[in-house]
Each structure stands twice: as structure tokens, then as C-alpha cells.
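Asks: Could you work out the structure for the sequence below:
(chains A and B)
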Amino acid sequence: MNPRRQVIFVLVVVPLILGAVATASVDDAQSFALQAAEPYVREGFQVREDYWGGDLAAGEKKAVRQQLFKGNEYWFWMGTEVRHARISVHIYDKEGKLIEQPDSWQKGAFAAAHVIPTSTDSYFIIVSIEESPEERTHWALVYGFR
Amino acid sequence: MISVLKINKWAGFALAVIGFSVQAAQAPQHIDVKQYKKVEGVVVPLPNEVFGALNKLGPVNWKEYVRTEKGANFSERPRTALLLGNVIADGFIAVQAQDAPAVKDIGQRVLSLAKGIGVGASITPHAKAITEAADKRKWESVRQELDRTQSSVQGAMNELQDQKLSQLVSLGGWLRGTQILTAVVSKRFTQEGAELLHQPDLLRYFGDRLTAMPEYSVPVVESIKRALVEVRPLIDSGSKPISPEAVKKVNEITTRLDGEIVTRQ
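Replies: A predicted model of the protein is given here:
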């Protein structure tokens, strides 16, 4: 490859490839979150098209703030494409009190939290990568209601 | 765009292996939420999320709120974005009313508006799916396609680096949803219905977004900015319940804004 082509390759092609890889990983994480949601769709939960996503280091947590409405029932499903990762999702009210239902669960690359809000308000959904073989682990969070 | 069909094979395999032999989640009973870094993205609730909660409080005559007038077209992109969100919200109202002709009209109107701001290509398959599902009276499919429509419009806008227009679509939908919520609750006041208005963080979010788009300072956007300031104390009453007067006032404000969004002035 001549020097000019090498420069073009480094400046144009490499970033495109890296971008594509990053996008694919987030998409895969979303795919996992949707997989966790699938059985609940059959129970009448409407899963939103929009979702949250990103990447976190092992042991790192982040908070998603979301408006919930009293009268509805919600599930939040989290997924990652990293096979040996262990992730979790939990729901807290504004005062920091855990308010999820006891059937909330976590298992490897999947986790889900169930909440029946007792008031219409903003809530905090805490997403966490508990363990992961990767330096950064992609995650996605989707939610559904009925 | 999310579709259950997008689920990859590894995800399916992994869940099959797990077989839902899940373990109970261990989590602290209390946390200090201020210590956590926040995820920046905001997912604005769709109107039907509020409408679903309203339905549980008693029967609502949704047909009363169906609107299918074509209305004006605008050359200003922020106005079209607001109107697009407003019309998608009308689609959710028509689904509640199970009004197939209205749903089909609204689907075509959404397509026309999306074309007007250069994102029609991403909407065409959804408009077709909305019409087909309405013909078959598959209301759950219509609802899902409306959600996909909004998501696709916003995705296409984001690809065009028009995130601000995308936020205006959400705002247009939220305002129309809030107008209908307050109309329903005003007609038959209940404390539970009024409580559905308690959305101060969303109001703050929209206010911040509008402040960050000085390039879109068309009159209707300025009106909305002022109105959000007016609405805030009405719906964020601390420990006091939201009063019937506050609900009526929010309805007046959102009805006025709706008029500004849908009509040429």
C-alpha cells in the first residue's frame, strides 16, 4: 500500500470499522435485553422502542432516571452480549428506597426489575456490571408496561 | 429501531440455557441516589402509557378526543417537528378509540409531515403497516407501529444531526398527551387521575432542551418555553395533591399551545 493510501486507510477506513464494531456491540446488548423481555410481551407488556445503552467497567454503576405512572406495572430488562459477564438492574424511588417486586431477577448476561409504582413520579433504575472479562462491557436497558 | 425479531441467536441460546432458573436479585434496601453518575439519555413516556393508567381509573370516551383534520403544513422545520409529535399522539388517541378510519388518516398525515422534513423514507413501511393493522383492527400492532414510527423519525433526525428536532417531536407528543389527560381528568376529577400529571422532571427536561435551541426560536417554541414555566408550579405542588383548578389551568395552557402547534398564525 502506498503511503497516501495508508493515510486514507488509517484516517477513513479504520474509524469506520471501529465504529461499526462499537455499534454492533450495543445492538447486541439491546438484542439480549429484548430477549429477556420476550416472555413478558406474551403477558401483555408493551415494550418501548426507545432504550438506554452504553458501556461500563466491571464494578461500575449508573443511574437511569425515568418517569413512571401509578396504575401501570413496569418491567425493566437489561442485557449484555458479553458471555461471562454478570449484570444487575434495580429500581429505587427518589429517596433511594428499593421499591422493586421480589420477582425481579438477575442471571449472567440478563437482569430484570419489576415495579408497581405507588405514586406517579421519577424513579432511579440502577444498572451495574457486577463482573466481566472485558475492560468495558456494553449494556442496554429496555422497558415495558401494562 | 427495536424489534423482537432483532434478537440474535446467541441471546436466544443463552436464555434457553438459563431456562429462567433465575436467582433473586440482592440489592441494598437504601442508596444515596446522588452518588450515582446519571445516564444522559431520556426516554419520554408515550401518550398511551398515560392513557393506559387513565383507563384503569374508569371508562373514558376516547372517541370524543379523536382528531383527524389535516391541518396546516409549515415550512419551518421546528414547527413541523412539533406537529409530527402532536399527530403521532393523535394516532394513540385513535387507537384508544379503536377508530380505524382515523388511524389510517393519521398514518398518512404522519407520512406527509415526515416527508416534509426529509425523513419520509424511514416512515413509509410504518405508514403501510399502520394501515394494514387498522384494517384488521389489530390495535396492539397499530400501537407498536406508532411507537416505531416515532422512534424511526427520531432516529432519522439523529442521523441527520438534528437531535434538537427529534426532541421537538417528543415535546409535541407530550403536550398533546397532557392536553388530553387534563381534559379527561377535568371532566371527571379524581385525585389519582390528577396525580398522573406529576411529571416535574420531564418538564424540567423539556425546558432545558428548549433553552439549548436558540436557533429554533420561532414564536410557538417561545410560547411553549413560557408555558412550561407556568405549568411547573401547578404540577409540582410538593406534598399537596394536584387540585382540580390546577388540572383545568394546565388544560387551558396545553389547549392554547395545541392551537399554536396545529394552526398557521
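Asks: drop to CA atoms for contacts and neighbour counts, all remaining ones
Replies: Will do.
Asks: Please tell me how far stretch A:46-65 is from the chain's geometric centre.
Replies: Distance, stretch centre to chain centre, for stretch A:46-65: 4 Å (Cα atoms, centre = their mean, to the nearest Å).
Asks: does chain B sit close to it?
Replies: Yes: judged by Cα under 8 Å from any Cα of the partner chain, stretch A:46-65 and chain B are in contact via A:46, A:48, A:49, A:50, A:51, A:52, A:61, A:62, A:63, A:64, A:65.
Asks: can I get those in TSV with pLDDT and neighbour count?
Replies: As requested, the residues of stretch A:46-65 next to chain B are exported to TSV (pLDDT from 0 to 100; neighbours: other Cα atoms under 10 Å in any protein chain shown):
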residue	pLDDT	neighbour count
A:46	95	20
A:48	95	21
A:49	91	22
A:50	92	22
A:51	95	18
A:52	96	18
A:61	97	18
A:62	97	19
A:63	97	23
A:64	97	22
A:65	96	22
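Asks: which helices and strands does the one helix or strand residue B:89 maps to pack with?
Replies: Taking DSSP states H and E as the criterion, residue B:89 maps to helix B:77-96. For helix B:77-96, the elements it packs on are helix B:47-55, helix B:100-116, helix B:139-159, helix B:163-187, helix B:244-262, judged by 3 or more Cα pairs under 8 Å, 6 or more residues apart in numbering or on different chains; DSSP states H and E.
Asks: what is the orientation angle of that helix with helix B:163-187?
Replies: 40 degrees (axes from the mean of the first three to the mean of the last three Cα atoms, to 10 degrees).
Asks: Now do the contacts for residue B:184.
Replies: Contacts for residue B:184 (Cα atoms under 8 Å, 6 or more residues apart in numbering or on different chains) come out as residue B:60.
Asks: Can I take it that residue A:129 is in a strand?
Replies: Yes: Residue A:129 sits within a strand when classified using DSSP: H, G, I helix; E, B strand; the rest coil.
Asks: Quick check: closest non-adjacent residue to it.
Replies: Counting by Cα to Cα, 6 or more residues apart in numbering or on different chains, residue A:87 is the residue found nearest to residue A:129 once chain neighbours are left out, at 4.5 Å.
Asks: ok, and what's touching the helix or strand hosting the one you found?
Replies: Taking DSSP H and E as the definition, residue A:87 sits inside strand A:86-92. Here strand A:86-92 makes contact (Cα under 8 Å, 6+ apart) with A:76-80, A:98-100, A:106-113, A:115, A:123-132, B:25, B:27, B:30.
Asks: next helix or strand past that strand?
Replies: Following strand A:86-92 in sequence, per DSSP H and E, is strand A:105-107.
Asks: quick revisit: rounded mean pLDDT for the strand holding residue A:87, please.
Replies: For strand A:86-92, mean pLDDT rounds to 98.
Asks: One more: stretch B:214-225?
Replies: For stretch B:214-225, the per-residue pLDDT averages 93.
Asks: Could you list the buried residues of that stretch?
Replies: Neighbour counts using 16 or more other Cα atoms under 10 Å in any protein chain shown place B:216, B:220, B:221, B:224, B:225 of stretch B:214-225 among the buried residues.
Asks: Now that stretch - C-alpha only, PDB.
Replies: Taking Å, rounded to 0.1, in the frame of the first residue of the first chain, the C-alpha atoms of stretch B:214-225 are listed here in PDB:
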ATOM      1  CA  PRO B 214     -31.900  29.300  20.400                       C
ATOM      2  CA  GLU B 215     -31.700  28.700  16.600                       C
ATOM      3  CA  TYR B 216     -35.300  27.400  16.700                       C
ATOM      4  CA  SER B 217     -36.800  30.500  18.400                       C
ATOM      5  CA  VAL B 218     -40.000  30.500  16.300                       C
ATOM      6  CA  PRO B 219     -43.000  32.100  18.100                       C
ATOM      7  CA  VAL B 220     -44.500  28.700  19.000                       C
ATOM      8  CA  VAL B 221     -41.300  27.500  20.600                       C
ATOM      9  CA  GLU B 222     -41.100  30.700  22.700                       C
ATOM     10  CA  SER B 223     -44.700  30.200  23.700                       C
ATOM     11  CA  ILE B 224     -44.000  26.700  24.900                       C
ATOM     12  CA  LYS B 225     -41.000  27.800  26.800                       C
END
